[in-house]
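>>> One predicted model, sequence on top.
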Amino acid sequence: MSKQKYDKEFRRDAVELLLTGDRGLKPLARDLGVCPTTLRDWRDRYLKEQESPQGPPRGANPLDVAEELRRLRKENESLKRQREILKKALGILSEQSPGGMP
């Protein structure tokens with residue numbers, strides 16, 4: 001069995017999906033048709049390459065930063081849903097009642 005080669009763009013896109021998406025490593029690897037160990041290696045290599053003086057605070061673990069980003073994105077989505085619900089509720093409450101009373 002020969003080892004499959006993936007181009008640099010595919011590897012980068014896969015890692016970015018992993019870091020910014022809401023799927024875990026194993027489900028994403030399965031969906032992409034790659035071994036979870038391979039995807040983990042790509043992620044580690046990518047994060048190591050991304051470390052720079054302009055990056056996260058000195059001493060910050062890149063994996064922790066990626067996890068925090070994922071958590072914040074989930075929280076952001078939750079807050080957006082809550083905001084939409086509140087907008088709908090405000091619209092319902094601000095409508096006049098059928099008897100003409102506000």
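Thanks, I have it. Not measured: the values here are computed from a predicted model.

>>> by contact count, what packs against whichever helix in the chain runs longest?
Taking DSSP state H as the criterion, the chain has its longest helix at helix 62-94. Here helix 62-94 touches helix 8-20, helix 36-50, going by 3 or more Cβ pairs under 8 Å, 6 or more residues apart in numbering; DSSP states H and E. The C-beta positions use only the backbone N, C-alpha and C, and glycine is treated the same way.

>>> Quick check: which of the ones you listed is nearest to Leu72?
helix 8-20 (10.7 Å; Cβ to Cβ).

>>> Now do the buried residues in the helix or strand that comes right after the closest one.
Per DSSP states H and E, the first helix or strand lying C-terminal to helix 8-20 is helix 25-32. By neighbour count on 16 or more other Cβ atoms under 10 Å, the buried set for helix 25-32 is 28-29, 32.

>>> ditto for stretch 67-85
Quick answer for stretch 67-85 (16+ other Cβ under 10 Å): Arg70.
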